[in-house]
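**Q** Return atomic coordinates for the entry below.
(2 chains)
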Amino acid sequence: MGRPPWPLLIPAVIGMAFLVLPLAGLLVRAPWSTLPSRLAGAQVLEALRLSLVTATVATAVCLLLGVPLAWLLARVSFPGRRVVRALITVPLVLPPVVGGVALLLVLGRRGLVGQWLDATFGVSLPFTTAGVVVAEAFVAMPFLVISVEGALRGADPRFEEAAATLGASRWTVFHRVTLPLVAPGVVAGAVLCWARALGEFGATITFAGNFPGRTQTMPLAVYLALETDPESAIVLSLVLLVVSVAILAALRDRWVTSP
Amino acid sequence: MSGSGAADGGGLRARLVVTRAAFVLDIELEVAPGEVLALLGPNGAGKTTALRALAGLAALSEGGRIGLDGRPLHDLPAELRPIGMVFQDYLLFPHLSALDNVAFGPRCHGASKAEARRTAAALLERVGLSAHASARPGTLSGGQAQRVALARALAVGPRLLLLDEPLAALDAHTRLEIRSQLRRHLDDFDGAAVLVTHDPLDAMVLADRLVVVEDGAIVQTGPPAEVARRPRTDYVARLVGLNLYRGTASDRRVEVGGMSFSVVEHLQGPAFVAFSPAAVALYRARPDGTPRNLWQARIEGIERHGDNVRVHLEGPITAFADITPAAVADLDLTPGQAIWASVKATETHAYPA
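**A** Next up is the predicted model:
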């Protein structure tokens, strides 16, 4: 085969450095001596707990709504399916701040749906922990839907036909055949979704605000700390990095396929 | 709703009409309980489409109907039809054990988990796979997977068993063994069975009756031996290894193209003449002696065929001749060469077209 050609090798190495160096920078500049005491600080743990809980709940919400949506898009042909598919991917490319504004307009206290929620159930989502979950789920769900829909399209539909000839209803086919078959895709999508929710910043701060203990997740805490206490920002960032890498490493071998 | 009253008595009565862009399938089938019908035909003839229509996996077009044991089936979705289907590549659920694959159907039909597993275990024992009950499909051999697929299809107690090329995915050795086992299980099955195959041997061994389908229509039907002896299309003739010609008979002669065959049968009007390639004798020079069917041909090709050599002949008729390798050497045959060919009247078989 010979050596890889320079026009490919040089950009590839630069690209690799571009992605890896900032992470290395975090490690190099981390205030290692004061790390333990800073980590034990109430605000760090509070933000970390909030981030993990909201990202996990948001992922659960995405699974509950996103998997059926992906199934609908992959298995049922209905008029306007292409439009729906295009629309649900909009949050993927939408600047998250715009997403937050849009959520405020719909779910805010005077929003289209929010008004009704407030009047009927006395529920107000903005600037609450539930609002954080809503913002994260809004931004992260397309990742799950796209991943699961891809898995469904790749799955052999003839297994579902075989199940039907054995007397399985469509619901039975879905949860006893289809879902197990696409489980790796669902898990991969959920991991992507969770990671996206964990890192969510723009929609969260716009829709849920920045209240410590209630809506201040790790990314918000990092941003705030950067202005007052840069070393704290580094520590918080490091924690996020470790959590992300740990999750990726734990799931990679088992679910996220790689050659 | 069309003609749902057509089915009476037991077994399957169906008219399968499936219209696609460049393809029309229109065949009528009748299968008695306990009978095995084989749909035989070349690729693309519509056999699998017919099977999928019976299963409810392909929609019937206008005029199609399916009746099973006197009940109309064509309005029911696949999951409500009393059928069992064995797919060509088995389609065993990869995430379930062999036992749970077989138990899947009974579970869907409302059996409790324990009950379904008992049924499944009994069926796995019947196909001789009790030892592999907990194995995942991925770890089973082709023959084992085929038997699990059969057990899974039988587990729901179907009244109509559908088998799509059940032996096609097996290697030659396994195929021999599984074929005879399948024959036994089909003998035990008391419902109607429809088998799709393009292998004449599978059809002959497994089926009580053949239906030959070409281009979406039935071209011949009958017991396997009858079809093998009296092919009515080139496709069937090739399958059963006969030379076949269509011509016009008048008494003991059948005119085919530029040839006049003398035959044993007394016939009038359109007729087929069939004879085995082994019945064809080749000569370098015009033979003398008894009058027989004799023609001058050109050798198009020579190839091995089992222990013999198959010679392709062109001339007034296209024919195959099977001769021994020794005869090839004796006659010093080469492609392009002109040669005399003959077949005795007693070796031909003529029947009305």
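**Q** and residue B:283, backbone torsions?
**A** Torsion angles at residue B:283 (phi, psi; degrees, to the nearest 10) stand at phi -140, psi 140.
**Q** Hmm, it is touching residue B:340, no?
**A** Yes - taking contact to mean Cβ atoms under 8 Å, the distance of 4.3 Å between residue B:283 and residue B:340 places them in contact. Every residue, glycine included, has its C-beta placed from N, CA and C.
**Q** Give me the more crowded residue out of the two.
**A** Set residue B:283 next to residue B:340 and count neighbours by other Cβ atoms under 10 Å in any protein chain shown: residue B:340 wins out with 16 against 12.
**Q** and the more buried one, which of the three is it?
**A** Classification of residue B:340 using DSSP: H, G, I helix; E, B strand; the rest coil returns strand.
**Q** So it sits against residue B:292, correct?
**A** No - with contact defined as Cβ under 8 Å, residue B:340 and residue B:292 do not form a contacting pair (10.7 Å).
**Q** which neighbours do those two share?
**A** The contact sets of residue B:340 and residue B:292 do not overlap (Cβ atoms under 8 Å, 6 or more residues apart in numbering or on different chains).
**Q** excluding its backbone neighbours, what's nearest residue 146?
**A** No chain was given, so I picked chain A. Setting aside the residues directly before and after it, residue A:146 is nearest to residue A:89 in space (Cβ to Cβ, 6 or more residues apart in numbering or on different chains), at 6.7 Å.
**Q** Can you look at chain B instead?
**A** Of all residues not flanking residue B:146 in the chain, residue B:178 sits nearest, at 5.6 Å (Cβ to Cβ, 6+ apart).
**Q** can you tell me which helix or strand that neighbour belongs to?
**A** helix B:172-188 (DSSP states H and E).
**Q** List of residues touching that helix?
**A** If you take Cβ under 8 Å, 6+ apart as the criterion, helix B:172-188 is touched by B:36, B:126-128, B:141-143, B:146-147, B:150, B:154, B:161, B:166-167, B:170, B:193, B:201-202, B:205-206.
**Q** Just the ones of those residues in strands?
**A** B:36, B:161, B:193 (DSSP state E).
**Q** hang on, the earlier thing: so how many other residues sit close to the residue nearest to residue A:146?
**A** Other residues near residue A:89 number 14, with proximity taken as other Cβ under 10 Å.
**Q** Look up phi and psi at it.
**A** Backbone geometry at residue A:89, expressed as degrees, to the nearest 10, gives phi -90, psi 0.
**Q** ok, it to chain B distance?
**A** Distance check for residue A:89 against chain B: by Cβ to the nearest Cβ, to the nearest Å, it reads 29 Å.
**Q** Tell me who's in contact with residue 81.
**A** Assuming you mean chain A. Applying Cβ under 8 Å, 6+ apart, the residues near residue A:81 are residue A:73.
**Q** Please refer instead to chain B.
**A** For residue B:81, the set of contacting residues under the criterion of Cβ under 8 Å, 6+ apart consists of A:165, B:55-56, B:68, B:73, B:160.
**Q** sorry, back to before: quick one, grab the pLDDT at the residue nearest to residue B:146.
**A** Model confidence at residue B:178, given as pLDDT, is 90.
**Q** So what pairs up with the residue nearest to residue A:165 when sequence neighbours are not counted in the strands?
**A** With sequence-adjacent residues excluded and distances taken as Cβ to Cβ, 6+ apart, residue A:165 is closest to residue B:85, at 4.2 Å. Beta bridges link residue B:85 to residue B:162 when assigned by DSSP bridges.
**Q** In this structure residue B:85 contacts residue B:166, no?
**A** No - if you go by Cβ under 8 Å, residue B:85 and residue B:166 don't touch, sitting 10.2 Å apart.
**Q** neighbour count winner among these two?
**A** When residue B:85 is set against residue B:166 and neighbours are counted by other Cβ under 10 Å, the residue ahead is residue B:85, at 29 against 25.
**Q** before we move on, the earlier item: put the buried members of the contacts of helix B:172-188 into a ChimeraX selection.
**A** Here is the ChimeraX selection string for the buried members of those, based on 16 or more other Cβ atoms under 10 Å in any protein chain shown:
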select /B:36,126,127,142,143,146,147,150,154,161,166,167,170,193,202,205,206
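**Q** can you pull the contacts of residue B:28?
**A** Residues touching residue B:28, when contacts are defined by Cβ under 8 Å, 6+ apart, comprise B:14-16, B:218.
**Q** Please list the outside residues in contact with the helix or strand where residue A:16 lies.
**A** Assigned by DSSP H and E, residue A:16 falls within helix A:6-29. Under the criterion Cβ under 8 Å, 6+ apart, residues A:3-4, A:234, A:237-238, A:241 lie in contact with helix A:6-29.
**Q** let's see it at 10 Å
**A** Contacts of helix A:6-29 with the rest of the structure, by Cβ atoms under 10 Å, 6 or more residues apart in numbering or on different chains, involve A:3-4, A:230-231, A:234-235, A:237-238, A:240-241, A:245.
**Q** Which other helices and strands does the helix or strand following that helix contact?
**A** Scanning forward in sequence from helix A:6-29 by DSSP H and E, the next helix or strand is helix A:35-40. Other elements packing on helix A:35-40 under the criterion 3 or more Cβ pairs under 10 Å, 6 or more residues apart in numbering or on different chains; DSSP states H and E are helix A:42-75, helix A:230-252.
**Q** Out of those helices, indicate the one that is most buried.
**A** helix A:42-75 (a mean of 19; mean count of other Cβ atoms under 10 Å in any protein chain shown).
**Q** Tell me which other helices or strands it touches.
**A** Using 3+ Cβ pairs under 10 Å, 6+ apart as the contact definition, the elements that helix A:42-75 packs against are helix A:35-40, helix A:81-88, helix A:129-154, helix A:183-198, helix A:218-228, helix A:230-252.
**Q** Highest mean neighbour count out of the ones you listed?
**A** Greatest average neighbour count among these goes to helix A:129-154 (a mean of 24), per mean count of other Cβ under 10 Å.
**Q** what's the next secondary structure element after it?
**A** Remark: after helix A:129-154, the chain's next helix or strand is helix A:158-165, criterion DSSP H and E.
**Q** Can you work out which residues contact both of residue B:85 and residue B:166?
**A** Taking Cβ under 10 Å, 6+ apart as the contact definition, residue B:85 and residue B:166 share the neighbouring residues B:149, B:153.
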